[in-house]
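>>> Build the 3D model from these lines:
(one chain, ligands or ions: 1)
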Amino acid sequence: MLEVKQVSKRYDGGRGVQNIDFSMRRGEIVGFLGPNGAGKTTTMRMITGYLYPTEGIITVDGLSVHDQARKARSRIGYLPETPPLYPDLTVDSYLKFVAKLRGVPAREQKLRVAEMVSRLGLNGREKQSVRHLSKGYKQRLGLAQAIIHKPDLLVLDEPTSGLDPSQIIEIRSLIRELGENHTVLLSTHILQEVGALCDRVLIINRGELVMDGATDEIGARMENRFAVTLEVGGERERIEMVLGQWAEARGIAAEIRTGPLEPEKSLTVSSAIVESDTDRLAASSEAPDPDCVSENGEPKAASDDPESSTLEKTGLQSAEGFVSSDRQTYSSVRALLTAADQQDFRVELFRLLADADLPILELHKENLTLEDVFLKLTSEPAGLPGKSGGERK
Ligand SMILES: Nc1ncnc2c1ncn2[C@@H]1O[C@H](COP(=O)(O)OP(=O)(O)OP(=O)(O)O)[C@@H](O)[C@H]1O
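Here you go, the predicted structure:
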């Protein structure tokens with residue numbers, strides 16, 4: 001529904017944006033990220049028809065934003081960084097004024113204002129002067145003026161900037177709601193906001209678009225390796241040997257962390273059972289079951305009573321050498337395994353460790369976070385990733 005084709009803007013003093021090219025489908029919420037001065041506002045002002053591009057074409061629902069400005073603009077709602085509010089008007093009269101300005105038919109204006117008041121939680125503030133609204137309510141009113149004419153496309157320039165944490169949460173949930181029946185382009189400096197709200201992310205750096213991709217995929221797409229961190233239970237020497245030999249044969253870098261175990265990882269099996277049983281007994285405040293207590297008053301070790309053994313019930317007793325009833329240390333090893341060829345080796349690794357009777361306690365595929373991607377792209381000179389064709393869809 002939005003097409004931005006090879007759009008550039010050159011200001012008198014230079015800088016602006018170059019060859020911006022992307023489109024948006026109906027119903028998408030797209031995050032627009034970039035460092036200060038990257039060109040977000042310039043691009044948004046061109047999309048909303050407030051600024052003419054030096055080159056290129058922008059259409060909304062097939063209508064040129066510049067050649068068919070009136071029609072195209074009726075389909076766009078814009079919340080600039082500083083909402084265009086009139087401080088001397090009341091909330092009610094401001095919304096009536098905007099409804100008229102945006103071409104809402106006279107007979108519908110009253111109803112539309114009431115609808116906006118209710119939808120954006122401005123109830124009870126209709127007669128309050130805009131000047132006296134808090135920043136959060138001013139932002140709600142800014143959103144109301146952007147959607148009062150029921151546009152298809154909503155363009156929001158840093159809608160949560162300057163708000164306190166609870167106002168940020170409120171405005172985000174409003175945006176999420178608006179996203180249910182609008183297409184939304186949202187610029188922000190808060191990367192977490194993109195993760196929370198957006199299906200897709202565009203990153204602009206020094207006036208050029210350097211990334212266009214699904215929010216949950218760009219981390220993996222930017223990776224030039226395949227890496228997992230894992231925790232394996234068992235004897236350290238064996239794990240090191242099994243993993244080390246395999247990694248060497250496969251050309252996989254293995255960083256095995258053999259430092260001291262964290263306290264919770266170095267419980268002995270029998271003491272773990274003692275602790276859990278003691279807790280249970282204390283919680284029930286009943287007399288201990290004599291069958292579960294040894295002569296010296298301690299709960300019996302798991303092997304004493306196969307029927308009630310926690311280990312048997314969970315099936316852990318089958319991992320011999322890993323757990324035992326003679327207070328052998330329950331140890332584990334953490335490792336980072338990295339394949340430079342990006343090949344997914346998880347199934348192979350699973351089989352290797354299963355055959356060696358070394359259980360995987362945790363396995364996590366390492367991806368770049370949105371923050372990593374942002375820093376990587378915006379600390380490189382503009383154009384590099386985009387020009388190489390590596391990052392843009
Ligand atoms: N009216 C103008 N005249 C000249 N240069 C301008 C004008 N507006 C913006 N620029 C320049 O164009 C570039 C892009 O600015 P723009 O405001 O679009 O960036 P931005 O990504 O929105 O930044 P921020 O996150 O700080 O709001 C900057 O180098 C800026 O200095």
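>>> Confirm Ala227 sits in a strand?
Yes: applying DSSP: H, G, I helix; E, B strand; the rest coil, one finds Ala227 inside a strand.
>>> my read: it touches Leu336, true?
Yes: between Ala227 and Leu336 there is a contact at 6.5 Å, judged by Cβ atoms under 8 Å. In short, each C-beta sits where N, CA and C put it, glycine included.
>>> Between these two, tell me which one has more neighbours.
The residue with more neighbours, out of Ala227 and Leu336, is Ala227; 18 against 15, by other Cβ atoms under 10 Å.
>>> and that one, what does it touch?
Listed by Cβ atoms under 8 Å, 6 or more residues apart in numbering, the contact partners of Ala227 are Leu336, Leu337, Thr338, Ala339, Lys365, Glu366.
>>> Next one: it from the ligand, what distance?
Ala227 is 32 Å from the ligand, where distance means Cβ to the nearest ligand atom, to the nearest Å.
>>> sorry, back to before: mutual contacts of Ala227 and Leu336, please.
Contacts common to Ala227 and Leu336, judged by Cβ under 8 Å, 6+ apart, are Glu366.
>>> Next one: Ile29 relative to the ligand, how far apart?
19 Å.
>>> again but with Val30, I slipped
Per Cβ to the nearest ligand atom, Val30 is found 15 Å from the ligand.
>>> does that residue really touch Leu197, like I thought?
No: here Val30 lies out of contact with Leu197, judged by Cβ under 8 Å, at a distance of 9.7 Å.
>>> Touching both of these two, which residues are there?
If you check Val30 and Leu197 against Cβ under 8 Å, 6+ apart, the residues they both contact are Leu186.
>>> Show me which residues of the chain sit near the ligand.
Contact residues (Cβ under 6 Å from any ligand atom) of the chain with the ligand: Tyr11, Gly13, Arg15, Gly16, Gly34, Asn36, Gly37, Ala38, Gly39, Lys40, Thr41, Thr42.
>>> mind putting those residues in CSV, pLDDT, neighbour count and secondary structure included?
Formatted as CSV, the residues of the chain next to the ligand follow (pLDDT from 0 to 100; neighbours: other Cβ atoms under 10 Å; DSSP: H, G, I helix; E, B strand; the rest coil):
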residue, pLDDT, neighbour count, secondary structure
Tyr11, 91, 11, strand
Gly13, 80, 6, coil
Arg15, 79, 14, strand
Gly16, 91, 18, strand
Gly34, 92, 27, coil
Asn36, 90, 6, coil
Gly37, 90, 11, coil
Ala38, 92, 24, coil
Gly39, 94, 24, coil
Lys40, 94, 24, helix
Thr41, 94, 19, helix
Thr42, 95, 22, helix
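>>> all helices for the stretch 51-200 of the chain, in order.
Ranges of helices in the stretch 51-200 of the chain, per DSSP state H, counting those that start in this stretch, are 69-73, 91-101, 106-119, 135-147, 165-178, 191-197.
>>> what's near enough to touch the residue positioned nearest the centre of the chain?
Centroid-nearest residue in the chain: Gly195, 2.3 Å away (criterion: Cα atoms, centre = their mean). When contacts are counted by Cβ under 8 Å, 6+ apart, Gly195 touches Thr215, Leu370.
>>> Return the distance of it relative to Phe97.
To Phe97, Gly195 is 37 Å away according to Cβ to Cβ, to the nearest Å.
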